[in-house]
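Asks: predicted model, plus sequence, below.
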Amino acid sequence: MATLKLFISVVIFMLHSVSSMAAKRQLFMGTQMVDPNWDDAHATFYGDMSGGETMQGACGYGDLFKQGYGLETTALSTALFNNGLTCGACFEIMCYNDPQWCYPHAGSIKVTATNFCPPNYSKPDGNWCNPPLKHFDLSMPMFTKLAKYKAGIIPVKYRRVLCSKRGGVQFEIKGNPWWTLVLLYNVGGAGDIVDVKIKGSRTGSWLSMSHNWGVNWQTSATLVGQSLSFQVTTSDRRTIEFDNVVPSYWQFTQVFDGKLNF
């Protein structure tokens, strides 16, 4: 009887393990979904077809073409922006239930969050980016893949998806000798960062960086003249260690390739 109970326990444990592994695989397979559920929101666009007005912005990115994001971008309303911590996250969006403006069979678009759509409390209506509304302010080329530009605003369905980026995570070093600010971009996987640690060749241990704004993380440690390593954690709690990606002769404003990605 004891042997039979042990056998049953082992079988149950194995079935649970297989089930857990399948669930984890499902997160990263197929359509590369983070969240299989579609939520309701609205979308508008800003700028023109060249995307010039989408550069820079509240996430801290610079030239989105040089940084690999191009025109496949969106600004987020307050309800989605999370004080900049959602910067870098990727979304799949489709025009929904508006036959007057939605292109038939348009399918969906995938965009990266690179900016903030600020609330406006001065107008009585039409404030689509005010809390608690979930809203995407797309680049014009992305909006016009889904609907006619004359629509102005459309109802959409959206969901979080994993980001697919080419090459490694990029680290741009800014600041001064007494304060180091690091801009991280081209982050794959979940895309949005929740924790960054830095280690200099003379610090002896990992130092926690604090979130400054957008995708900028900071430390007041003195790091000039040291080679630098990073530990980066995304919102799905995956961590990658980037060892000695910044050489000791680094200069402020330089960008360094982490070689690895999520």
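Replies: Happy to help now that I have it. Numbers count the residues shown, from 1 in each chain.
Asks: run through the stretch 101-250 of the chain and note the low-pLDDT ranges.
Replies: Counting by pLDDT under 70, the stretch 101-250 of the chain contains no low-confidence range.
Asks: for Ala221, give me its contacts.
Replies: Under the criterion of CB atoms under 8 Å, 6 or more residues apart in numbering, the contact partners of Ala221 comprise 180, 198, 200, 203, 207. Where C-beta positions appear, they are placed from N, C-alpha and C, glycine not excepted.
Asks: and for Phe91?
Replies: 74, 110-113, 136, 158-161.
Asks: just to revisit the earlier point, show me the contacts of Ala221 that map onto strands.
Replies: Among these, the members falling in strands (DSSP state E) are 180, 198, 200, 207.
Asks: for the residues you listed, which one is nearest Trp213?
Replies: For these, the closest approach to Trp213 (CB to CB) belongs to Thr180, at 14.8 Å.
Asks: what residues are up against the closest one?
Replies: Under the criterion of CB under 8 Å, 6+ apart, the contact partners of Thr180 comprise 173-174, 198, 218-221, 223.
Asks: bridge partners for it, pull those for me.
Replies: Counting by DSSP bridges, Thr180 is bridged to Gly175, Thr219.
Asks: could you export stretch 87-103 as CSV, CA atoms only?
Replies: Taking Å, rounded to 0.1, in the frame of the first residue of the first chain, the C-alpha atoms of stretch 87-103 are listed here in CSV:
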residue,chain,number,x,y,z
CYS,A,87,8.2,52.2,-22.0
GLY,A,88,9.6,49.6,-24.3
ALA,A,89,6.6,47.2,-23.9
CYS,A,90,5.0,45.9,-27.1
PHE,A,91,1.3,45.8,-28.0
GLU,A,92,-0.8,44.2,-30.7
ILE,A,93,-3.7,46.4,-31.8
MET,A,94,-6.6,46.0,-34.2
CYS,A,95,-9.4,48.3,-35.2
TYR,A,96,-12.7,46.9,-33.8
ASN,A,97,-16.4,47.3,-34.5
ASP,A,98,-16.3,50.5,-36.5
PRO,A,99,-17.1,49.5,-40.1
GLN,A,100,-17.3,53.2,-41.2
TRP,A,101,-13.6,53.7,-40.6
CYS,A,102,-11.9,50.3,-40.0
TYR,A,103,-10.3,48.8,-43.1
